[in-house]
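**Q** Next come a sequence and a model predicted from it.
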Amino acid sequence: MRTVCDLKPGEAGTVVSIGCTGALRRRIIDMGITPGAVIIMRKMAPFGDPIEINVRGYELSIRKSEAKEIAIEEQKHKQREGRHGRSKG
């Protein structure tokens, strides 16, 4: 199964599961990353860490190690959204 870490900028996926436990799991869930949430990869830092994603309409930066714990199902088409969460087509 793919993880958020496998997405390229502009690609999107739906969260299937969170593979960690304890405090890290709680932190990920508290950020709004729960099964069924759509995550859009926005950009990566030059060396790949951290990464910037869009989840539930807001931009979020997470560590690559956290992204590897979030299993996703890739969406068939790329999604593009404007600054205010509106689709550009």
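**A** Yes, it's here.
**Q** all helices of this protein, in order?
**A** Ranges of helices within the chain are 22-30, 64-67, based on DSSP state H.
**Q** Can you tell me which of the ones you listed is most buried?
**A** With neighbours defined as mean count of other C-beta atoms under 10 Å, the helices of the chain peak in mean count at helix 64-67, which reaches a mean of 18. For glycine as for every other residue, the C-beta is placed from the backbone atoms N, C-alpha and C.
**Q** who's in contact with the nearest residue to residue 68 once chain neighbours are set aside?
**A** Nearest residue to residue 68 in three dimensions, chain neighbours excluded: residue 5, at 4.7 Å (C-beta to C-beta, 6 or more residues apart in numbering). Residue 5 makes contacts with 51, 64, 67-68, as judged by C-beta atoms under 8 Å, 6 or more residues apart in numbering.
**Q** which regions of this structure sit below the pLDDT cut-off?
**A** Applying pLDDT under 70 to the chain flags residues 77-89.
**Q** mind redoing it with 80?
**A** 48, 76-89 (pLDDT under 80).
**Q** Need the residue closest to the centroid of it.
**A** Centroid check for the chain by C-alpha atoms, centre = their mean gives residue 39 as the closest residue, at 3.8 Å.
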